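1. Sequence and predicted model, in that order:
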Amino acid sequence: MGVESKYIWFDGELVPFDEARVHVLCHSLHYGMGAFEGIRSYTQPDGSAGVWRLDEHLERLFDSLKMLCMDIDFTEKEIKRACLETLTANDFTEAYIRPLVFFGVGEMGLGARSNPVHVVIATWQWGAYLGDEGLRSGVSVKTSSFTRHHPNAALQRAKIIGHYVNSILARYEANEDGFDEAIMLDMHGFVAEGTGENVFIAKGDKIKTPPVANILPGITRRSIIEILEREGHQVQETWFGRDGFYVADEAWMVGTAAEVTPIREVDRRLVGKGKPGPLTRRLQELYSAAVRGNLDYMKQYITSPTLVE
């Protein structure tokens, strides 16, 4: 399934998909300076669209822009309205929403500060990021030879365009070695995250996830912690090594694109029994219910396009 749609929101107006273009000398194309978000809309019980945790995603987008010293001519409220307008214009209920902020044509060089800043919002229909089979049976993962950025070398809490070269190289390596995905370690050798997902492990009654220090503070990660706590589990946000996966009973990856994807093996070692465990299955069930408006205590996180001013 491709990324086609009828319209893309570009600097304040909807334009036909084929007319949403940028010049080859766009500054961000050359240097990777910019920020983006990944958001999902799900079909609700009444058949309408409902966008999951839109406010939190846009707060993170504006935090990323602040860290990058990038200013835009739109408020959070205006970008929120634009996301919903674009979703509606494309007749989508279940879709991926991608706001993107980048520098356009002007000066070149690393010190350029006067280039125009553009904002686009695209929507498309996107299935399971790591495949339907990955959701059902779990994915195979390898520890990458590529280290996650040092927090003082890159702003890890920001969702920056250029950061993802690090992730792409790790993903390429994993796929070429026969794995579905990669786990990346930090500069100290502790587990950081996947190439585009946060990670959790469970052993006995202990559940662990890396702290928000050298990882992206995932919105789905936050949702899963909240669900776990409502289910009576305590989550430790703490560092652990790759061997935590080797001895875990269960492990899973989470993200807007990946949702809740079980990990069945790491570095050719089975996690638990080598298949999704009961806790992972329960989380998949509850998260799916939450985003589709069927979990009462999380309904406040769903934004309907028809209810926004």
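-> Yes, it's here.
2. Which residue comes closest to S304 once chain neighbours are left out?
-> G50 (5.7 Å; Cβ to Cβ, 6 or more residues apart in numbering). Glycine gets a C-beta too; all of them are placed from N, C-alpha and C.
3. In terms of secondary structure, what does the strand or helix carrying that neighbour contact?
-> Using DSSP states H and E, G50 sits in strand 49-52. Contact here means 3 or more Cβ pairs under 8 Å, 6 or more residues apart in numbering; DSSP states H and E; on that basis strand 49-52 packs against strand 39-43, helix 76-89, helix 278-291, strand 302-303.
4. Could I get these in TSV, plus columns for mean pLDDT?
-> Formatted as TSV, the helices and strands packed on strand 49-52 follow (pLDDT from 0 to 100):
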stretch	mean pLDDT
strand 39-43	97
helix 76-89	97
helix 278-291	98
strand 302-303	97
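5. Let me have those in CSV, extended by distance to P210 and mean neighbour count.
-> Compiled in CSV, those are given as follows (distance: least, Cβ to Cβ, whole Å; neighbours: other Cβ atoms under 10 Å):
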stretch, distance to P210, mean neighbour count
strand 39-43, 23, 21
helix 76-89, 28, 19
helix 278-291, 17, 18
strand 302-303, 28, 20
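6. out of these, nearest to V120?
-> helix 76-89 (9.4 Å; Cβ to Cβ).
7. outside of the closest one, which residues touch it?
-> Contact partners of helix 76-89, identified using Cβ atoms under 8 Å, 6 or more residues apart in numbering, comprise 6-9, 12, 14, 39, 41, 49, 51, 54-55, 58-59, 61-62, 74, 95, 97, 99, 119, 121-123, 303, 305, 308-309.
8. Now the lowest-mean-pLDDT helix or strand in the chain - C-alpha only, CSV.
-> Between all helices and strands in the chain, the lowest mean by mean pLDDT, DSSP states H and E belongs to helix 132-137, at a mean of 91. Backbone C-alpha positions of helix 132-137 (Å, rounded to 0.1, in the frame of the first residue of the first chain) are rendered in CSV as follows:
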residue,chain,number,x,y,z
ASP,A,132,0.7,-8.8,10.0
GLU,A,133,2.7,-11.9,10.6
GLY,A,134,4.9,-10.0,13.0
LEU,A,135,1.9,-8.9,15.0
ARG,A,136,0.6,-12.5,15.1
SER,A,137,3.8,-14.5,15.7
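9. Quick one: distance of stretch 22-41 to the chain centre.
-> 16 Å (Cα atoms, centre = their mean, to the nearest Å).
10. which ones among the contacts of helix 76-89 are found in strands?
-> 7-9, 14, 39, 41, 49, 51, 95, 97, 99, 119, 121-123, 303 (DSSP state E).
11. What is the burial count for G127?
-> 11 (other Cβ atoms under 10 Å).
12. typo on my end, G34
-> Neighbours of G34 (other Cβ under 10 Å): 23.
13. Likewise for V139?
-> V139 has 24 nearby residues by other Cβ under 10 Å.
14. what sits opposite it in the beta ladder?
-> Here V139 sits in beta bridges with I263, going by DSSP bridges.
15. One more: F200?
-> W252.
16. wait, what's in contact with Y172?
-> Applying Cβ under 8 Å, 6+ apart, no residues contact Y172.
17. all helices for the protein, in order.
-> 27-31, 54-68, 76-89, 132-137, 164-176, 219-230, 243-246, 278-291 (DSSP state H).
18. What is the neighbour count of I219?
-> I219: 25 neighbours (other Cβ under 10 Å).
19. Kindly give a single ChimeraX line that selects the buried subset of the ones in strands among the contacts of helix 76-89.
-> A single ChimeraX command selects the buried members of the ones in strands among the contacts of helix 76-89 (16 or more other Cβ atoms under 10 Å):
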select :7,8,9,14,39,41,49,51,95,97,99,119,121,122,123,303
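20. between the ones in strands among the contacts of helix 76-89, which is closest to A20?
-> I8 (3.9 Å).
21. Farthest pair within the ones in strands among the contacts of helix 76-89?
-> A49 and V119 (21.3 Å).
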